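Visitor: quick one: sequence and predicted model below, then my questions.
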Amino acid sequence: MKLILTRDNPAPDGAVVATIRAADGVSIRVSRWRPAGPSVGTVLVCTGRAEFIEKYFETVGDLLARGLTVVAFDWRGQGLSARELTNRFKGHIDDFSFYERDLDALVAQVLEPFCPRPWFGLAHSMGGAILIAQSRAGRSPFERIVTTAPMIDLYRLRLPGLARALAETLDAVGLGGAFIPGGNGRASISRAFDGNFLTSDRGRFQRFANLWTLAPELCVGDPTIGWINAAFRLMGEFADGEYPRRVLTPLLVFAAGDDRIVDSRVVERFAHRLKAGAVISIPGSRHEILMERDAIRSQFWAAFDAFIPGSAAPLQCLASSSIA
């Protein structure tokens with residue numbers, strides 16, 4: 001197993017890359033780094049839908065500079081982990097609970113034997129939704145979780161009730177493995193910077209567009225009907241007003257003020273109900289806060305540093321707020 005490097009996206013030094021297997025036999029690609037000096041803990045980087053380890057090299061470097069051991073991986077069905085369907089460009093899952101099998105394997109085969117405690121989760125979008133669901137079920141291995149633009153609900157979905165009913169019906173009649181209507185296997189990124197929903201940083205956008213061009217084997221296209229139906233089921237659970245009150249892992253939530261993929265207003269309402277949590281909204285940020293302009297990323301890292309590892313910064317010091 002390998003990492004794919006490009007001239008404008010080098011990997012931090014010292015990566016240990018391996019393949020592990022989940023309990024159901026699915027192979028998961030994992031990479032691990034140790035900081036140059038003593039480690040103050042471990043961060044597991046949990047990517048969003050259609051993402052992969054290579055996209056987070058810059059973030060890994062930022063975490064290593066903070067004295068943290070870092071583990072990054074590809075969820076089943078994306079990156080260089082095993083794909084769920086014969087057509088590897090279909091982003092598919094039957095139920096989001098299957099992703100927790102990947103997390104269980106990571107804990108047993110990577111975190112427990114190789115990674116110093118305390119353990120923290122850093123999760124984006126779909127990854128954030130998965131870690132929140134795991135915590136709510138009482139199975140989280142993390143001391144604290146930081147999540148950017150968690151997939152609590154989609155941005156201003158037209159006729160949401162109809163969309164959910166249609167996905168459920170098509171899945172039930174055996175079309176779960178088909179692309180969503182209008183979908184295809186092309187990589188889930190526009191090659192044009194103008195009008196993209198991911199980041200306002202042209203350089204970082206181009207870096208990742210180059211990755212999609214040079215390493216198509218990393219990519220998936222649009223989600224399947226099965227994936228979107230599974231996502232709708234999970235987001236339906238998040239809509240329960242009592243759900244966030246049962247998420248007991250301390251959670252720092254970042255909402256992107258200019259998000260057009262997940263609904264930041266819903267993210268903020270959800271996070272305000274957390275029993276052990278805080279929400280910070282960053283105006284002007286598009287969906288991928290960690291891939292944004294330096295001025296936006298610096299705001300993220302300032303709050304992250306006050307929350308992780310947390311020994312000197314109790315959660316109460318981070319009041320729910322908006323960073324100007």
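Guide: In hand now; what should we look at? Numbers count the residues shown, from 1 in each chain.

Visitor: gap between the spatially closest residue to residue 4 that is not a sequence neighbour and residue 5?
Guide: Spatially, and ignoring its direct neighbours in sequence, residue 4 is nearest to residue 215 (4.6 Å; CB to CB, 6 or more residues apart in numbering). No exception for glycine: its C-beta is placed from N, CA and C like everyone else's. Separation of residue 215 from residue 5 (CB to CB, to the nearest Å): 10 Å.

Visitor: shared neighbours, the two?
Guide: residue 54 (CB atoms under 8 Å, 6 or more residues apart in numbering).

Visitor: those two: who's more crowded?
Guide: residue 215 (18 against 15; other CB atoms under 10 Å).

Visitor: check contacts around that one.
Guide: So residue 215 contacts 4, 6, 54 (CB under 8 Å, 6+ apart).

Visitor: quick check: the first one vs residue 168, distance?
Guide: Residue 4 sits 37 Å away from residue 168 when distances are taken as CB to CB.

Visitor: remind me which residues of the stretch 1-150 of the chain are low pLDDT?
Guide: Under the criterion pLDDT under 70, no range of the stretch 1-150 of the chain is flagged.

Visitor: what are the ranges of the helices in it?
Guide: Assigned by DSSP state H, counting those that start in this stretch, the helices in the stretch 1-150 of the chain fall at 57-65, 99-106, 112-114, 126-136.

Visitor: tell me how far the residue nearest to residue 4 lies from residue 185.
Guide: For residue 215, the distance to residue 185 - CB to CB - is 15 Å.

Visitor: same thing with residue 123?
Guide: 26 Å.

Visitor: again with residue 217
Guide: Taken as CB to CB, the span from residue 217 to residue 185 is 13 Å.

Visitor: also residue 197?
Guide: When distances are taken as CB to CB, residue 197 and residue 185 turn out to be 20 Å apart.

Visitor: which one's more surrounded, residue 123 and residue 185?
Guide: Per other CB under 10 Å, whichever of residue 123 and residue 185 has more neighbours is residue 123, with 25 against 16.

Visitor: so the more buried one makes contact with residue 145?
Guide: Yes. At 6.7 Å, residue 123 counts as touching residue 145 under the criterion of CB atoms under 8 Å.

Visitor: anything in contact with each of those two?
Guide: Common neighbours of residue 123 and residue 145 are listed as residue 131 (criterion: CB under 8 Å, 6+ apart).

Visitor: give me phi/psi at the residue lying closest to residue 117 once chain neighbours are set aside?
Guide: For residue 117, ignoring the flanking residues on the chain, the nearest one in space by CB to CB, 6+ apart is residue 41 at 6.5 Å. Phi and psi for residue 41, reported as degrees, to the nearest 10, are phi 150, psi -170.

Visitor: ok, residue 41 - contacts?
Guide: By CB under 8 Å, 6+ apart, the neighbours of residue 41 are 68, 69, 116, 117, 118, 119, 120, 143, 308, 309.

Visitor: please list only the buried members of those residues.
Guide: The neighbour-count test (16 or more other CB atoms under 10 Å) marks 68, 69, 119, 120, 143, 308, 309 as buried among those.

Visitor: in strands only, show me those.
Guide: Under the assignment DSSP state E, the buried ones among the contacts of residue 41 contribute 69, 119, 120 to strands.

Visitor: which among the residues you listed gets closest to residue 281?
Guide: Residue 281 has its nearest neighbour among those in residue 120, at 21.5 Å by CB to CB.

Visitor: hang on, that closest one packs against residue 40?
Guide: No. In this structure residue 120 lies outside contact range of residue 40 using CB under 8 Å: 10.1 Å.

Visitor: and for these two, which residues touch both?
Guide: Common neighbours of residue 120 and residue 40 (CB under 8 Å, 6+ apart) are 68, 309.

Visitor: any low-confidence regions in the stretch 151-300 of the chain?
Guide: Low-confidence segments of the stretch 151-300 of the chain (pLDDT under 70): 188-191.
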